[in-house]
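Trainee: Generate a structure from the sequence data that follows.
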Amino acid sequence: MLPGVIGVMMATEAIKYIIGIGEPLIGRLILYDALSMTYREMKISRDENCPLCGDNPVITELIDDYDVAAENPDTFAPAAD
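Mentor: Residues are numbered from 1 along each chain as shown. From the prediction side, this is the model:
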């Protein structure tokens, strides 16, 4: 049941975004507890030091060779300053 619930939530967000209705979860995170059937919402903010989406990103392209990345993950990690 859990994958179905999460999948429906993800699909709903995609549909809302594509057709421009409702309020998207941009800047918010939904926490779902399947055992108690409860939801919690947390506000999240952008990290200006994020290596992917920060002010000076160092991750600028996708890795399309999983085997190489899995063999040596340090090769694909951003360099520490």
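
Trainee: CA only for contacts and neighbour counts going forward, please
Mentor: Will do.

Trainee: Kindly list the longest helix within this structure.
Mentor: helix 2-19 (DSSP state H).

Trainee: The following helix or strand past it pairs with which strands?
Mentor: The helix or strand immediately downstream of helix 2-19 is strand 28-33, counting by DSSP states H and E. Strand pairing for strand 28-33, determined by DSSP bridges: strand 38-43 (antiparallel).

Trainee: The strand it pairs with - what's its average pLDDT?
Mentor: The pLDDT scores in strand 38-43 average 95.

Trainee: quick one: contacts of that strand?
Mentor: 27-33 (C-alpha atoms under 8 Å, 6 or more residues apart in numbering).

Trainee: Make JSON lines out of these and add neighbour count and pLDDT.
Mentor: Output for the contacts of strand 38-43, formatted as JSON lines (neighbours: other C-alpha atoms under 10 Å; pLDDT from 0 to 100):
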{"residue": "G27", "neighbour count": "10", "pLDDT": "90"}
{"residue": "R28", "neighbour count": "12", "pLDDT": "93"}
{"residue": "L29", "neighbour count": "12", "pLDDT": "93"}
{"residue": "I30", "neighbour count": "12", "pLDDT": "93"}
{"residue": "L31", "neighbour count": "11", "pLDDT": "93"}
{"residue": "Y32", "neighbour count": "15", "pLDDT": "91"}
{"residue": "D33", "neighbour count": "11", "pLDDT": "91"}
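
Trainee: What sits closest to the residue nearest to the spatial centre of the chain if chain neighbours are left out?
Mentor: Nearest to the geometric centre of the chain sits L29, at 9.5 Å (C-alpha atoms, centre = their mean). Nearest residue to L29, sequence neighbours excluded (C-alpha to C-alpha, 6 or more residues apart in numbering): M42, at 5.1 Å.

Trainee: Check the spacing between the one you found and V58 real quick.
Mentor: 27 Å (C-alpha to C-alpha, to the nearest Å).

Trainee: Also A11?
Mentor: 30 Å.
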